[in-house]
Structures are given as structure tokens and as C-alpha cells.
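K.L.:
This is a predicted model, with the sequence first.
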Amino acid sequence: MSAVMTPTPTAERTVPAAAHDDRRLSMARLTQVELRKMFDTRSGFWLPIAVGIVALGTVLITVLTGPNENHTFTHVFGNALIPTAILLPLIGVLLVTGEFSQRTALTTFTLVPSRARVMVAKLAASVVCSLVALVFCLAVAALATAIHPATGAGAWTLHAVLLPQAFLYLATGMITGVAFGAALLVSAPAIVIYLLLPTIWSALSNSISALEGPSDWLDASNTLDPMVRHGLGTTDWLQAGATLALWMALPLAIGWWRVMRRDVG
Amino acid sequence: MQTLGRRAHPGTPAMLPAMIESKSLTKRYGGRAAVQDVSFSCHAGTVTGFLGPNGAGKSTTLKMLCGLTPPSAGTATVLGSPFANLTNPGLRVGVLIDASAMHSGRTGRETLSVSASLLGVRRGRVDEMLELVGLDSSAANKRVGQYSLGMRQRLGIAHALLGDPEALILDEPANGLDPEGMRWMRGLLTDFAGRGGTVLLSSHLLHEVEAIADRLIIIAGGRIVGEGTADELLGGGPRTLVRARDVHGLRLALREADVSFTDGAHDELLVEATADDVGDVALCGGVALSELRDARDGGLEQLFFSLTSNGSDEPSKEV
């Protein structure tokens, strides 16, 4: 139709197209892509390594020092989980803030106009990541216990209920990271506030007697950390739920609202 | 002269369906209208240049077309439906809104691979696109943070083409490209449109788009201030400036051929004919030409400035 004098680039088809694959993007594919985005950046490469080193260091120190009763698999496993649950969510924070700080949201939301589906995929990817972290914690705990097991019976026992609880512990931590990332949208403040706010709350409630009551319900170190030590009772679950409502659900709601409305670009 | 942009039938045949259509798009921020009642349409097989000074509302309009910014009023459709309703938009429309909006910690290849896996395009497409835009494997394996703006533009264009789309929406794609890169992009886009694709690209520089675009839409202060082909915008027929040592002979030859002209400055003649025709006339008359150029090039620039210079860097204050 027209006198085009440029060489035809290869690997391009004649427009208009024949049949396109127009199927809606499946949630599985979206989740897979979000998982990939967690780990394919510079920080995504170093952060998991840092988490691994900290977890490994913690379990080694646990079995090589301290009293004999701390050298049981259950206790070592718990000690692997706690630092992991603090650091792993940074991956979740960056998974959201990266889209806005690095402005990749422009691309993401152009390819997937439904922002809600993107957020669901990020949460799903976070849960998958928690599962992998759980397996990793089991492995390093086993390794450390094997190096220097507790003497006596029960060195290798693990309460069955601890596995789902540990998974919940890691997954809610990851989701909290995503929630803080979404609520603040900028990497540095989101990371700082995610790390500091619960610590400040703990410090305040430990030093101010009037806060002792609320801290039984809202301080994660009192309500969530027991998840990796023993099976929770009814009150324990209510307290954990209250803590998660404040530290996970509330920022997630704020973050969701912000991400849906945010003018990207 | 290579007339890449001036196609045989560059007009807007009303019977063709609009591939990209903006209907009275308006965007207000507070009481300030960044974009006001912008309507236009782009047709298959054409390149449309969206031209305007910085801050004129180009990016806002393109973001509304792509569903990234909700319009305050008006509607936008791409390939017949609102962008957000396209099933897998990346396979239908290639979008480059901002080449700087890439994760600096990802390599160029990984940037494309992430989107390729999202779109579900076959393996190998990423490498083909990298090759197409001239990013070799050492460049592709570098992190985007180390890229120059020109390299990011190339990567952005590769990204837009990844899904083998029917339409391209590109915001300032020539920004940061060197002259060779601009020539390359002109060929790429003209070729894309030549095969039936629809291209909408924006620029704040006239010379970037006038050689590529079949039609120009000129926006200033959030409003469309001019629209049409270069000829339509300038009005009248072709005009060519021509110079010859033998001015007298040239005049004779032109009169002989019944072509009207007027005397310009410096012994130039302003001829109401295309450069091709003037060359033919001179050959017939046995006159050697020493200069031959399109007289409207400067005219379009003049027009662009006069249309957009009304203090129009500031969007209008209307509600």
C-alpha cells in the first residue's frame, strides 16, 4: 500500500493479526510472575541470601551455646523462624514499593489493568514464598540439631501443630510486609516503619504500665511468637487475631485503597 | 528526498473504524484542567503524531487512553473497547509511556522476560526483540540502571513490540535517541504502519514527528489546537523553493510547463509544485538546479509555534 523503503525487521508479523491468544491471564501465571519479580532484582538477589545467613547463624548459635534443653529440634526450629519472619517480609515490602519507587507500576498496570488482581497475585506469591521459607527453616534447624543435638529423649520431636502454625506465622509476616509496602508505597519509609513500629510499641508497652493490658493483645512478640513454640489455646488465638488485625489487616486495607486509587506515572 | 511519512492516502477515511479513539477526554486536577475536551481518532495503517509543548497534556491523554489515569469526563477506546476491557492488552496494544519507568535493578533482558512470561509469548521472542532494537547481549545483560536514556527507549520499544500488537501508543519515544536512532525508529514505525498497524506517538519536537507521522494532532494547554496532515494544516498545495545559476532559464522552463511561481529572496523561486515536479520541469528545460527544497518545512514549524505559544505551557484554569 505504501512505498516503504526501510528493510523489513525480522520477527514481526503482518498486522492485523490472525488469532491471538486472548485468554484472560490466569491467577497462576500472575502469581508466578510476581514470584519472579521478587527475586530478579539486585535487592531480590541479596535479601534472601541475607535471610538465609541470619537464620543459619541463629540456629548455629542456638545449638552451640546455651542450655541443653534449647538444643531440641522444636526449639531450634522456632529460633530459625523468628528472625526469618522479621526479615523475609522485606521482600514483600519491596514487591509493592518497587512498583512505585521504580515506577514499574506503569508497565504492570498496563499489562494487567485490574490492579486488584495484581495485588492478589502479590499476596499469593508472598504465601508461596513463605512456604519455601518454612521448608528452609526446617532444613537449617535439622542441620543444626544434627550438629549438636540435645541429650536425652525428645531431641527430634516436633509437635504436628507447630508446622501449620509456623507456616501461618511466616505467611502473615509476609502479608504484613506487602501491607506496609502498599500503605506507604515508598521503599525506605516502608522498610523503616515496618521494622521500627512494632519494636517501638514493644518498648513502650514494656516501660509504661498502662500499656501492659493492650500489649497482651497487640504486641506481636507476646501474641504471635508463641505460634512457633507451642500449640495455641483459644485466648492465644484471639490475641493473635487482634494483633494481626492491627498490624496486618489495617495496613493492608489502607494499602489496598491507596494502590487502587494511585495515579501511576 | 525519502518521503517515508507522506503516504499515498494518508487521510482519514471516515468509513474505516477508529483503532484508537479519544472522545471528549478531560482530566481535571482540583479545579485545573490538564486535558480539556480532547477528541481524535487513529486509523489502521497510519502513524499519528501527537504534538505539543511540555506540559500540554500529551502524557495525561495517553495515560487515559491506556486506562492508567481515570478521565474526569469523556471516553477512550482502543481497538474498539476501553483499554481495561481488553483481555490480554499486551498482546493487542504495545505501550511505552515512560522509558525511565523500569526497575533499575533488573537487567534489560529480564525486564522483557518478566513481561514475556506475563503475556505468554513464546520463548525466543525476547531475544528477537532485543536484536530488533539493537541491544546486543552484553547490553541486554546489564542492569537497566546502567542504561542511557537512548538504550532505555530502545528497550521500551522492544517491550512495546513484545506481544506482537496491532497498535502502538508511544509517549516521547524519540526522546534520548541519537540521529541514527531516530532514523531507525522512523523506519520501524513506518514499517509497522505499512503492514496495517496503528501508531500513536507523542513528541514535543516537531521535527521528530513530521517525518514519521501521516497526521498531526497539535495540543496546547490541554486542548487540541490543530489537526490534520501537514498539507491540511498548512493549507494550499505543495510549495517548493528552488535555485539555479540560470534563473532566467528556470523561469522560462516553469512558464513553459505552466507551473506558477513567485520570485523569492536570493534569486530563489517559490514554485507551487512538488520538488519532484520541479526537478522534471528543470530537466525538460535543460536547467541545472543548485538547490531544491520543500518550502513548507519551515512553515509547519512556524505554524506549530504560533499554535502552541499562547502561554500554553500552563494548562488552562477552566473548571
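P.N.:
That came through, no problem.
K.L.:
isn't A:Asn68 right up against A:Ala150?
P.N.:
Yes - counting by C-beta atoms under 8 Å, A:Asn68 touches A:Ala150, with 5.3 Å between them. Heads up, the C-betas are built off the backbone N, CA and C, glycines and all.
K.L.:
Give me the more crowded residue out of these two.
P.N.:
Set A:Asn68 next to A:Ala150 and count neighbours by other C-beta atoms under 10 Å in any protein chain shown: A:Ala150 wins out with 20 against 12.
K.L.:
Tell me the confidence at the more buried one?
P.N.:
Listed pLDDT for A:Ala150 reads 86.
K.L.:
How about it: what's its closest non-neighbour residue?
P.N.:
The shortest distance from A:Ala150 to any non-neighbouring residue, by C-beta to C-beta, 6 or more residues apart in numbering or on different chains, is to A:His71 (3.8 Å).
K.L.:
Show the model's pLDDT score for that neighbour.
P.N.:
91.
K.L.:
what do you get for B:Val242?
P.N.:
What the model reports as pLDDT for B:Val242 is 88.
K.L.:
Identify the residues contacting it.
P.N.:
B:Leu250, B:Glu268, B:Leu269, B:Val271, B:Ala275, B:Val278, B:Ala282, B:Leu289, B:Glu291, B:Leu292, B:Arg293 (C-beta atoms under 8 Å, 6 or more residues apart in numbering or on different chains).
K.L.:
sorry, back to before: what is the burial count for the residue nearest to A:Ala150?
P.N.:
Count around A:His71 with other C-beta under 10 Å applied: 22.
K.L.:
gap between it and chain B?
P.N.:
Distance, A:His71 to chain B, by C-beta to the nearest C-beta, to the nearest Å: 40 Å.
K.L.:
okay but that residue is in contact with A:Ala146, surely?
P.N.:
No - contact criterion C-beta under 8 Å: A:His71 and A:Ala146 do not qualify, at 10.7 Å.
K.L.:
ok, residue 210 - how many residues close by?
P.N.:
No chain specified, so I'll use chain A. Using other C-beta under 10 Å, A:Ala210 has 8 other residues around it.
K.L.:
could you do chain B instead?
P.N.:
Count around B:Glu210 with other C-beta under 10 Å applied: 20.
K.L.:
And for it, nearest residue in space, chain neighbours not counted?
P.N.:
Nearest residue to B:Glu210 in three dimensions, chain neighbours excluded: B:Leu300, at 5.9 Å (C-beta to C-beta, 6+ apart).
K.L.:
quick one: what helix or strand has the one you found in it?
P.N.:
Taking DSSP states H and E as the criterion, B:Leu300 maps to helix B:296-308.
K.L.:
Chain B contacts on the stretch 151-265 of chain A?
P.N.:
With the criterion set to C-beta under 8 Å from any C-beta of the partner chain, the stretch 151-265 of chain A comes near chain B through A:Asp263, A:Val264, A:Gly265.
K.L.:
and residue 156, how many neighbours?
P.N.:
The chain I'm using is chain A. 13.
K.L.:
was after chain B, sorry
P.N.:
Neighbour number of B:Gly156 under other C-beta under 10 Å is 25.
K.L.:
hang on, it packs against B:Ala99?
P.N.:
Yes - the pair B:Gly156 and B:Ala99 qualifies as a contact (C-beta under 8 Å) at a distance of 3.9 Å.
K.L.:
which neighbours do these two share?
P.N.:
Joint contacts of B:Gly156 and B:Ala99 (C-beta under 8 Å, 6+ apart) are B:Pro173.
K.L.:
Just list the residues touching the closest residue to A:Val118 other than its chain neighbours, thanks.
P.N.:
Leaving out its chain neighbours, the residue that sits closest to A:Val118 by C-beta to C-beta, 6+ apart is A:Val112, at 5.3 Å. A:Val112 is in contact with A:Leu25, A:Leu30, A:Val118, B:Leu118, counting by C-beta under 8 Å, 6+ apart.
K.L.:
and the gap between A:Val112 and A:Thr31?
P.N.:
A:Val112 is 12 Å from A:Thr31, where distance means C-beta to C-beta, to the nearest Å.
K.L.:
Return the distance of A:Gly233 relative to chain B.
P.N.:
Where chain B is concerned, A:Gly233 sits at a distance of 45 Å (C-beta to the nearest C-beta).
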